[in-house]
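> Return a 3D structure for these sequence lines:
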Amino acid sequence: MFDKNGRYVPLGVSQKLGKDWCLIELFCARETPDPKNRSEVFERVFMIAVSCGDDVAASRLLEFVFGAIDDAHLLAFVDDKRGELRPGKECEKAKRAAIDSRVETAKKLWDRLPESESKTIRVFVAQDETAPERVPGPTMVKTRVALLKEIAGGWAAADDEGVAALDFDFLVTAKYPFLEYKKALFEAVRGASGRASQRRIAYALAKVARCRDGEIATELRRILSVGWARTGDERMNARMIQAIAPAEKASGPALDFLTKTVEEFAVFDRGMSALRESLQNDDGTYRRDRTVTLIYTGPRQAVITSVFDAMFDKYGDRLPSSGEVNAANAKFEDQCDVVRKWISEGSGGDGAFVIVRLLLKRQHEAEPILTREAVIGR
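The predicted model follows:
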């Protein structure tokens with residue numbers, strides 16, 4: 001688990017858990033000696049608390065569940081001398097894996113919670129007479145708050161936009177039959193929205209616009225709008241206001257169409273982000289002999305342009321060598337193959353197409369020597 005300063009603390013040395021840890025440690029040592037499998041044991045204990053209707057114990061046990069998941073991913077990276085995580089790419093990768101695992105576990109446990117519990121209230125049966133009546137009511141509210149905060153935190157922290165979209169979809173589509181559950185959702189999204197990117201909040205706003213529960217849609221729009229303003233710079237906010245200002249007096253059908261168009265573009269844009277990554281090297285930078293630009297020409301249309309610089313030979317010849325031309329053509333074909341695969345997998349949504357363009361230029365000159373272009377789409 002992580003303390004309030006963001007520092008990783010293994011379960012066995014966490015003072016926050018107090019004497020409860022000793023009891024759980026004894027149970028787990030007997031049941032599962034390997035720390036990597038202890039989260040499953042904690043989940044079983046958690047479900048026992050849920051079956052008993054013990055909300056306080058269940059919410060407390062979630063700390064053990066999530067802490068055990070962190071241990072399974074991160075214990076191998078703890079520096080024995082300093083007691084801290086060793087920095088590095090593999091450690092960061094393990095942190096992301098731990099977050100994803102925590103979120104998936106939270107989703108699973110949410111689905112296993114009872115939707116309600118029967119409670120007794122008194123109802124009027126006559127002017128001065130009441131009688132007891134059993135009605136469904138909220139249950140495990142503290143536990144639901146903790147689970148929703150975990151999922152919302154994963155939505156804000158996810159590296160992959162597709163994963164983030166799935167996390168937010170879960171938050172919006174889960175069942176909230178009681179006001180207490182809705183308040184838990186609002187609290188979770190409010191806390192996470194300040195850490196989410198504007199692009200992520202934009203998708204969330206488009207998703208919320210299609211939510212059938214009017215109360216949830218209204219409140220989440222307000223929360224996300226505040227989060228948008230907090231996470232973006234003034235220039236970005238001004239651009240967004242300028243973009244939506246013409247739709248201020250649009251009709252209802254027009255606004256529905258705009259919402260649908262924005263949602264479709266969000267799917268396409270997430271796909272394009274993955275496509276651009278596939279055109280990069282493993283170190284996260286574009287190949288040194290070219291620059292790559294991306295321009296959107298429609299909700300599901302884009303132009304990817306690669307510019308290769310032709311080098312002067314040792315005699316000062318200004319024409320590119322045949323080797324450079326062949327290399328540029330080969331890389332262009334490689335790009336086309338990557339885009340064709342991306343299109344065939346449906347990563348950009350229905351109707352997506354991409355123009356792949358190659359420009360081979362002399363250094364410091366505007367006019368290209370060689371131009372190639374391919375239109376790839378469904």
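> Pull the number of nearby residues for the closest residue to residue 221 other than its chain neighbours.
With sequence-adjacent residues excluded and distances taken as CB to CB, 6 or more residues apart in numbering, residue 221 is closest to residue 208, at 5.7 Å. All C-beta atoms are positioned from the backbone trio N, CA, C, and that covers glycine. Other residues lying near residue 208 total 22 when counted by other CB atoms under 10 Å.
> pLDDT score assigned to residue 208?
In this model, residue 208 is scored at 88, pLDDT.
> Was I right to think it contacts residue 223?
No. Checked against CB atoms under 8 Å, the pair residue 208 and residue 223 is beyond contact range at 9.3 Å.
> that older thread, now do the same contact list for the residue nearest to residue 221.
172, 216-217, 220-221, 224 (CB atoms under 8 Å, 6 or more residues apart in numbering).
> Okay, buried residues for stretch 176-192 please.
176, 178, 181-186, 188-192 (16 or more other CB atoms under 10 Å).
> where's that stretch relative to the chain centroid, distance-wise?
On the basis of CA atoms, centre = their mean, to the nearest Å, stretch 176-192 sits 18 Å off its chain's mean C-alpha point.
> cool, and stretch 294-305?
23 Å.
> how long is it end to end?
Start and end residues of stretch 294-305 are separated by 7 Å (CA to CA, to the nearest Å).
> Identify all contacting residues around it.
261, 264-265, 268-269, 272, 275-276, 279, 292-293, 335, 339, 348-359.
> Those in strands, which ones?
Among the contacts of stretch 294-305, the ones falling in strands (DSSP state E) are 292-293, 353-359.
> ok, of the residues you listed, which one's closest to residue 367?
Proximity to residue 367 was ranked across the ones in strands among the contacts of stretch 294-305 by CB to CB; first place goes to residue 359, at 9.4 Å.
> where does the stretch 1-150 of the chain have low pLDDT?
1-33, 35-36, 81-83, 121-127 (pLDDT under 70).
> what's the answer for the stretch 251-378 of the chain, then?
280-291, 308-321, 362-366, 368-369, 378.
> Let me see the ranges of the helices in it.
In the stretch 251-378 of the chain, the helices defined using DSSP state H, counting those that start in this stretch lie at 252-278, 322-344.
> can you tell me which of those helices comes nearest to residue 37?
The nearest among those, by CB to CB, is helix 252-278 at 32.9 Å.
> Quick check: which helices or strands does the closest one pack against?
When contacts are defined as 3 or more CB pairs under 8 Å, 6 or more residues apart in numbering; DSSP states H and E, helix 252-278 packs onto helix 161-173, helix 198-208, strand 290-298, strand 301-310, helix 322-344.
> now, of these, which is deepest in the fold?
When these are scored by mean count of other CB atoms under 10 Å, the highest mean neighbour count falls to helix 198-208 (a mean of 21).
> Next, the angle from that one to helix 161-173.
40 degrees (axes from the mean of the first three to the mean of the last three CA atoms, to 10 degrees).
> and the next helix or strand after helix 198-208, average pLDDT?
Going down the chain from helix 198-208, the next helix or strand is helix 214-231, by DSSP states H and E. In this model, helix 214-231 has a mean pLDDT of 84.
> now helix 214-231 and helix 161-173, what's the angle there?
140 degrees.
> coming back round to it: kindly give a single PyMOL line that selects the buried subset of the ones in strands among the contacts of stretch 294-305.
Selection of buried members from these for PyMOL, criterion 16+ other CB under 10 Å:
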select buried, resi 353+354+355+356+357+358+359
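> what's the closest of the ones in strands among the contacts of stretch 294-305 to residue 107?
residue 354 (33.3 Å).
> now residue 195, nearest residue through space, not along the chain?
For residue 195, the closest residue by CB to CB, 6+ apart turns out to be residue 156, at 4.2 Å.
> for residue 329, same thing?
Per CB to CB, 6+ apart, closest to residue 329 is residue 372, 7.2 Å.
> What segments of the stretch 1-150 of the chain are strands?
Secondary structure of the stretch 1-150 of the chain by DSSP state E, counting those that start in this stretch: the strands cover 117-126, 129-137.
> Can you tell me the strand partners of the last one and which way each runs?
Okay, so that is strand 129-137. Paired with strand 129-137 in the same sheet, following DSSP bridges, are strand 117-126 (antiparallel).
> follow-up on the earlier one: which one of the ones in strands among the contacts of stretch 294-305 sits closest to residue 253?
Distances from residue 253 to the ones in strands among the contacts of stretch 294-305, taken by CB to CB, are shortest for residue 353, at 27.0 Å.
> Out of the helices and strands packed on helix 252-278, the one nearest residue 139 is which?
helix 161-173 (19.4 Å).
> any idea which helix or strand comes after the closest one?
Next in line after helix 161-173, if elements are assigned by DSSP H and E, sits helix 179-193.
> From the chain's centroid, how far away is that next one?
Counting by CA atoms, centre = their mean, helix 179-193 comes out at 17 Å from the chain centroid.
> just stretch 59-77 next, same as before
20 Å.
> where exactly do the helices run in the stretch 1-150 of the chain?
Under DSSP H, counting those that start in this stretch, the stretch 1-150 of the chain gives helices at 20-31, 38-51, 55-74, 89-112, 141-157.
> what sits against residue 185?
Counted by CB under 8 Å, 6+ apart, residue 185 has contacts 148, 171, 174, 176, 216, 220.
> how many neighbours does the residue nearest to the third one when sequence neighbours are not counted have?
Excluding the flanking residues, the one nearest residue 174 by CB to CB, 6+ apart is residue 110, at 6.7 Å. The burial count assigned to residue 110 is 19, neighbours taken as other CB under 10 Å.
> hang on, residue 110 packs against residue 144?
Yes. Using CB under 8 Å, residue 110 is in contact with residue 144, at 7.3 Å.
> Not including adjacent chain positions, what is the nearest residue to the most centrally placed residue in the chain?
Taking CA atoms, centre = their mean, the centroid of the chain lies closest to residue 164, which sits 1.7 Å from it. Closest residue to residue 164 apart from its sequence neighbours, by CB to CB, 6+ apart: residue 158 at 4.1 Å.
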